[in-house]
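Peer 1: Got a sequence here, can you model it:
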Amino acid sequence: MPRVLYSLLFIVLTPLIFVRLLVRSVKAPAYRRRIAERFALQWRPAERDLSQPLLWIHAVSVGETVAAAPLVRELRHDYPDHQILITCMTPTGSARVESLFGDTVLHAYLPYDTAGAMKRFVKKFDPALLILMETELWPNLIHYCSKAEVPVVLANARLSARSARGYKRFGALTRPMLQQLELVAAQSQDDAERLICAGANADDVRVTGSLKFIVDVDKSAQLPAGVFDAIDDSNRVVIIASSTRDGEEEKVLTAFKRVLESHPNTVLLLVPRHPERFDAVATLVGRMGLRLGRRSKNDLLTEEMQVYLGDSMGEMMSYYRLASIAFVGGSLVNTGCQNVLEPAAFGIPVVTGPSQFNFATICRQLEAESALRTVANEKELADFLIDLIPDWARQAEMGRRGKALVEDNQDSLPALLSLLEPLLAAPSSDA
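Peer 2: Down below sits the predicted model:
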């Protein structure tokens, strides 16, 4: 009954969701494209061969898609007789799927979680297994997979204390959903315990570690020429502020202006999380009296430029390779920080604000190794950077410790693959 009420409520709210989609498309036109997929009204892709088993991986957006990439590569190698479908929910996630895998996988948006849409989607693609990344749990999605006898795995699973409280409030809806999962591969023991308390069967929960420790640093071994050469050859201290959010850039820029008073040879590489905000952030930089260069215009870094706006997609690893110190965004506003392991993998000291619920366990691990520093606000951020910039030995030690932690936690993928093996048909010995 709770799922039925949820489904009815979703139908009632669908017009508002549709309007919100159109509103978002004003700044990001990609949101108004492929709308049929949002309701599973598209035709089945001609590339879908129903004679081949389909492995379906759902990763909501960019971060989850990147985390799933090593898993996808291994599944393609180990199960060549299977097709792979990757779904996501955002245009940026879709673009990342295409850039990482091209036409080697099938791709679509996950439809909204109405009963009709999910039933159509599962029937249309006929998956053999569904792997959900992190916390992408939708009642109708899981219900109709269960009805079609499609095993559902929650991989790289995490559940923050805040989310666990929400699950408890709606336990009549979420508990049956969690009990239908075939396997839960949790990032940490804390995540596993919270998921069990929320309703997952204890016998089906395993701790495998985080796939986000697997960072492909070689992807940026060859930096794009021109723009990146100019930054790399500038002999300036490069501070990156990555994946920043609305309301956060002003705080970061305020801190950076203080840094410039003590260290004028510093440049801020500012990379907002959402592309539809690039122009607004560029305007903000100018309004705050700072001189700006932009990646989208292929500006070459000059001595006069104080801020370089990384307004491009798919180049974060290259940006990190240029940096001396990394501030990871989403943390000075209450949205949860983004992936702190990416800069750590490059041996870069990491600093974040207090909002860390997306990476709480990993932040604690890095902080325990003295590889990450948490600051409460922009004043503390400025103080920390002013002290760290001239201290090359401390920078090197923080970077070394962070990189070592990443390298010591590479077992999550083999552990997950071994758990998936019984759920998948064995690869053909004749292949």
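
Peer 1: longest single helix anywhere in the protein?
Peer 2: In the chain, with assignment by DSSP state H, the single longest helix is helix 2-27.

Peer 1: OK, contacts around the spatially most central residue of the chain?
Peer 2: With the centre of the chain defined as its mean C-alpha position, the nearest residue by CA atoms, centre = their mean is G63, 1.4 Å away. Going by CB atoms under 8 Å, 6 or more residues apart in numbering, G63 touches K212, Q338, N339. Bear in mind the C-beta positions are built from the backbone N, C-alpha and C, glycine included.

Peer 1: Show the buried residues in those.
Peer 2: With neighbours counted by 16 or more other CB atoms under 10 Å, the contacts of G63 contain buried members at K212, Q338, N339.

Peer 1: then stretch 168-176 to CSV, C-alphas only?
Peer 2: Once side chains and other backbone atoms are set aside, the C-alpha atoms of stretch 168-176 remain, and they are given as CSV (Å, rounded to 0.1, in the frame of the first residue of the first chain):
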residue,chain,number,x,y,z
LYS,A,168,13.5,5.7,9.1
ARG,A,169,10.7,8.3,8.8
PHE,A,170,9.4,6.6,5.6
GLY,A,171,10.2,3.0,6.7
ALA,A,172,6.9,1.6,5.5
LEU,A,173,8.0,2.5,1.9
THR,A,174,11.8,2.1,2.1
ARG,A,175,12.1,-1.1,4.2
PRO,A,176,10.3,-3.4,1.7
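
Peer 1: Name the nearest of the contacts of G63 relative to E407.
Peer 2: K212 (13.8 Å; CB to CB).

Peer 1: ranges for the strands of the stretch 201-350 of the chain?
Peer 2: Per DSSP state E, counting those that start in this stretch, the stretch 201-350 of the chain has strands spanning 205-207, 237-244, 266-272, 292-294, 307-309, 325-328, 350-352. These are given in chain order.

Peer 1: hmm, back to that, and the longest helix of the chain, which residues are buried?
Peer 2: By neighbour count, and taking 16+ other CB under 10 Å as the criterion, the buried residues in helix 2-27 are R3, Y6, S7, F10, R24, S25.

Peer 1: wouldn't the fourth one be in contact with A117 here?
Peer 2: The one in question is F10. No: the pair F10 / A117 is not scored as a contact, 9.4 Å apart, by CB atoms under 8 Å.

Peer 1: shared neighbours of those two, anything?
Peer 2: What both F10 and A117 touch, as defined by CB under 8 Å, 6+ apart, is the set N140.

Peer 1: what about G102, neighbour count?
Peer 2: By the measure other CB atoms under 10 Å, the count of residues near G102 is 9.

Peer 1: thinking again about what came up before, now distance to K403, mean pLDDT and mean neighbour count too, for the strands of the stretch 201-350 of the chain, in TSV please.
Peer 2: Output for these, formatted as TSV (distance: least, CB to CB, whole Å; pLDDT from 0 to 100; neighbours: other CB atoms under 10 Å):
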stretch	distance to K403	mean pLDDT	mean neighbour count
strand 205-207	23	97	17
strand 237-244	16	98	24
strand 266-272	20	98	24
strand 292-294	29	97	21
strand 307-309	25	98	26
strand 325-328	12	98	27
strand 350-352	11	98	25
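
Peer 1: So which of those is nearest D411?
Peer 2: Taking CB to CB as the criterion, strand 205-207 is the member of those that comes nearest to D411, at 10.9 Å.

Peer 1: Counting by contacts, list what the helix or strand that contains R194 packs against.
Peer 2: Element membership for R194 (DSSP states H and E) is helix 189-198. Counting by 3 or more CB pairs under 8 Å, 6 or more residues apart in numbering; DSSP states H and E, the packing neighbours recorded for helix 189-198 are strand 152-157, helix 161-169, helix 171-179, strand 183-186, strand 205-207.

Peer 1: Apply 7 Å and report the result again.
Peer 2: Using 3 or more CB pairs under 7 Å, 6 or more residues apart in numbering; DSSP states H and E, the elements in contact with helix 189-198 are helix 161-169, helix 171-179, strand 183-186, strand 205-207.

Peer 1: how's the chain carved up into domains?
Peer 2: Taking automatic domain parsing as the domain assignment, the ranges for the chain are 29-210+411-423, 219-407.

Peer 1: so how far is the first one from its chain's centroid?
Peer 2: In other words, domain 29-210+411-423. The chain centroid and the centroid of domain 29-210+411-423 are separated by 14 Å, computed with CA atoms, centre = their mean, to the nearest Å.

Peer 1: what distance separates the start and the end of that domain?
Peer 2: One end of domain 29-210+411-423 sits 39 Å from the other (CA to CA, to the nearest Å).

Peer 1: coming back round to it: want to try CSV for the domains of the chain, with distance to F18 as columns?
Peer 2: Formatted as CSV, the domains of the chain follow (distance: least, CB to CB, whole Å):
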stretch, distance to F18
domain 29-210+411-423, 8
domain 219-407, 19
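
Peer 1: Okay then, goodbye and thanks.
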